[in-house]
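Undergrad: predicted model, plus sequence, below.
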Amino acid sequence: MQAERSTNNLSFEMTDFTTNYQPHADDQMLIANAEAALANAYAPYSAFHVAAALLLDNGVIVTGTNQENAAYPAGMCAERVALFTAASQYPGEPIRKMAVVARRDGAKDFSPATSCGSCRQVMLEFEHRQGKPFQVIMLERPGSWLQARSAASLLPFSFNKSNLSEP
Ligand code: THU
């Protein structure tokens with residue numbers, strides 16, 4: 001017997017994103033904090049410096065930068081360094097917004113850096129933990145910022161803790 005086949009035409013609501021976003025003054029400020037943190041990236045292997053800045057509900061800004069290692073997989077992305085630092089130093093303080101910037105060694109302009117899948121997975125769990133979404137601002141293309149209204153919107157069909165519970 002022939003297995004039944006069905007085709008799903010998947011479409012995504014893009015209303016959770018603003019592309020070609022022109023950052024507002026407070027977003028510019030968060031981007032500037034991330035840019036300043038770029039100096040703390042340790043990226044001798046990729047020469048790709050990344051920084052993330054988090055604005056917490058209490059007004060504190062926490063930054064993180066990529067930290068590479070000669071054993072490549074042991075390194076860590078900027079986003080996760082920032083998120084884990086925030087959870088460790090300000091436990092329970094919700095995240096309101098995240099800005100991510102990147103720059104190649106010696107370059108003048110930012111490089112586009114849309115967070116990797118593992119970072120999106122971690123962002124998603126932070127969002128679940130705090131019970132409300134946070135905005136994510138990243139450079140999608142030169143001169144074109146992307147603003148996502150939630151981490152969840154960056155990771156459709158995600159794996160999350162409900163997958164682990166008994167059906
Ligand atoms: N990286 C980040 O820190 N965040 C991203 O969103 C993408 C990639 C880092 C990992 C590695 O140190 C370097 O950039 C090149 O992949």
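TA: Nice, thanks for sending it over.

Undergrad: where's the residue nearest to the spatial centre of the chain, which helix or strand?
TA: The centroid of the chain falls nearest to Ser115 when counting by C-alpha atoms, centre = their mean (4.9 Å). Ser115 belongs to no helix or strand when assigned by DSSP states H and E.

Undergrad: hang on, isn't it packed against Met138?
TA: Yes. Using C-beta atoms under 8 Å, Ser115 is in contact with Met138, at 6.4 Å. C-beta: built from backbone N, CA, C; applies to glycine.

Undergrad: what sits in contact with each of these two?
TA: Common contacts of Ser115 and Met138, defined by C-beta atoms under 8 Å, 6 or more residues apart in numbering, comprise Val100.

Undergrad: what about Asp27, neighbour count?
TA: Residues near Asp27, counting by other C-beta atoms under 10 Å, number 18.

Undergrad: wait, Ser88
TA: Ser88, neighbours per other C-beta under 10 Å, totals 9.

Undergrad: three-state assignment of it?
TA: helix (DSSP: H, G, I helix; E, B strand; the rest coil).

Undergrad: what's the first helix or strand after the helix or strand bottoming out on mean pLDDT in the chain?
TA: Here the helix or strand of the chain ranked lowest by mean pLDDT, DSSP states H and E is strand 17-21, holding a mean of 86. Next helix or strand after strand 17-21 toward the C-terminus (DSSP H and E): helix 25-37.

Undergrad: only the buried residues of that following helix, if you could.
TA: Buried residues in helix 25-37, defined by neighbour count with 16 or more other C-beta atoms under 10 Å: Asp27, Leu30, Ile31, Asn33, Ala34, Glu35, Ala37.

Undergrad: kindly report the same for stretch 87-104.
TA: 87, 90, 93-103.

Undergrad: what stretches of this structure score poorly on pLDDT?
TA: Low-confidence regions of the chain, defined by pLDDT under 70, span residues 1-15.
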